[in-house]
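[1] I would like to see how this sequence folds:
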Amino acid sequence: MRISECVGCKTFPCSDVRHEGYIVPGIEIDPQKISILLISESAPTDLGDDYYATGDPQFARTTLMAFGDAGVPASSIQDLVERGVYFTTAVKCGKTGYGVQKTTIKECSKILEQELDLFPNVRAYLLMGDVAIQAANEISRRSGAGRAIPSGSTYKIRGLEHFFRGKRAFPSYLQAGPSFGIEKSKRKMIAEDIAAALTVVGA
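    You can find the predicted model right below:
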């Protein structure tokens with residue numbers, strides 16, 4: 001299955017993102033084999049830095065570092081996909097500023113929800129950063145379940161047990177992009193959260 005052929009944005013209503021930076025993962029994948037779904041913030045400023053881009057994309061590079069910190073050495077994102085981890089973003093277009101408006105997160109969460117529906121065997125969600133957490137909460141609210149992740153600072157809520165779509169959810173910090181590794185304490189917590197998700201699925 002090619003994910004980009006199954007879900008996508010048709011109207012592009014959001015005003016605070018770069019529509020020319022729109023991307024949905026276009027890799028061929030067997031959704032049945034995915035047990036962990038990692039959601040980060042938004043598409044990269046340069047599409048050449050996307051998780052699945054060729055060469056040495058920044059999202060892949062920092063993510064491989066994060067999984068290495070968690071005790072899972074890998075040489076490529078494809079190695080991690082083959083281990084049952086799928087990578088995507090909550091917002092499918094690149095940002096124009098530092099943050100993303102709540103209305104944009106809400107709108108794009110509809111696409112993300114369709115994307116998540118394609119993966120029937122996911123047992124853990126890694127929600128990397130505030131935008132991913134907000135998107136998960138939007139999806140959860142629409143289902144009538146209320147917030148999946150409570151409000152509060154990530155460092156206060158990340159060690160608690162959370163559930164999203166009936167599966168374990170791990171709110172964490174953003175691992176994709178240039179900010180990863182700046183704060184050693186956050187990098188350590190990211191590694192702990194990834195390791196916890198791997199434990200849930202027995203990987």
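
[2] Report pLDDT for residue 181.
    At residue 181, the model reports a pLDDT of 69.

[3] which parts of stretch 187-200 are buried?
    187, 189, 190, 191, 192, 193, 194, 195, 196, 197, 198 (16 or more other C-beta atoms under 10 Å). In short, each C-beta sits where N, CA and C put it, glycine included.

[4] In which helix or strand does the first one reside?
    This points to residue 187. Per DSSP states H and E, residue 187 falls inside helix 184-201.

[5] Compute the number of surrounding residues for residue 48.
    Counted with other C-beta atoms under 10 Å, the neighbours of residue 48 add up to 13.

[6] Could you tell me whether it really is in a strand?
    No: judged by DSSP: H, G, I helix; E, B strand; the rest coil, residue 48 forms no part of a strand; its state is helix.

[7] Quick check: closest non-adjacent residue to it.
    Distances taken as C-beta to C-beta, 6 or more residues apart in numbering place residue 57 nearest to residue 48, at 6.1 Å, with adjacent residues excluded.

[8] measure the one you found to residue 112 for me?
    21 Å (C-beta to C-beta, to the nearest Å).

[9] between these two, who's got more neighbours?
    Relative neighbour count places residue 112 above the other of residue 57 and residue 112, with 23 against 20, counting by other C-beta under 10 Å.

[10] was I right about that one contacting residue 139?
    Yes: using C-beta atoms under 8 Å, residue 112 is in contact with residue 139, at 6.8 Å.

[11] for this structure, which strand is longest?
    strand 85-95 (DSSP state E).

[12] average pLDDT across that strand?
    Mean predicted confidence for strand 85-95 is 95.

[13] Show me what that strand is packed against.
    strand 17-18, strand 36-43, helix 77-82, helix 102-116, helix 130-142 (3 or more C-beta pairs under 8 Å, 6 or more residues apart in numbering; DSSP states H and E).

[14] Just give me the lowest mean pLDDT stretch among those.
    Among those, strand 17-18 scores lowest, with a mean of 88.

[15] Contacts for it next, please.
    Under the criterion C-beta atoms under 8 Å, 6 or more residues apart in numbering, residues 42, 45, 91, 93, 94, 95, 96, 100, 104 lie in contact with strand 17-18.

[16] repeat that with 7 Å
    91, 93, 94, 95, 96, 104 (C-beta atoms under 7 Å, 6 or more residues apart in numbering).

[17] In contact with the residue nearest to residue 48, which residues?
    The contact partners of residue 57, taken as C-beta under 7 Å, 6+ apart, are 48, 49, 50, 51.

[18] The same query, at a cut-off of 8 Å, please.
    44, 48, 49, 50, 51.

[19] go on, residue 49?
    Contacts of residue 49 (C-beta under 8 Å, 6+ apart): 57, 58, 59, 177.

[20] swap the cut-off to 6 Å and go again
    Neighbouring residues of residue 49 by C-beta atoms under 6 Å, 6 or more residues apart in numbering: 57, 58, 59.

[21] what's the closest of those to residue 12?
    residue 59 (21.9 Å; C-beta to C-beta).

[22] and that closest one, how many residues sit next to it?
    24.

[23] That one reaches residue 175, doesn't it?
    No: the criterion here is C-beta atoms under 6 Å, and residue 59 misses it with residue 175 at 8.8 Å.
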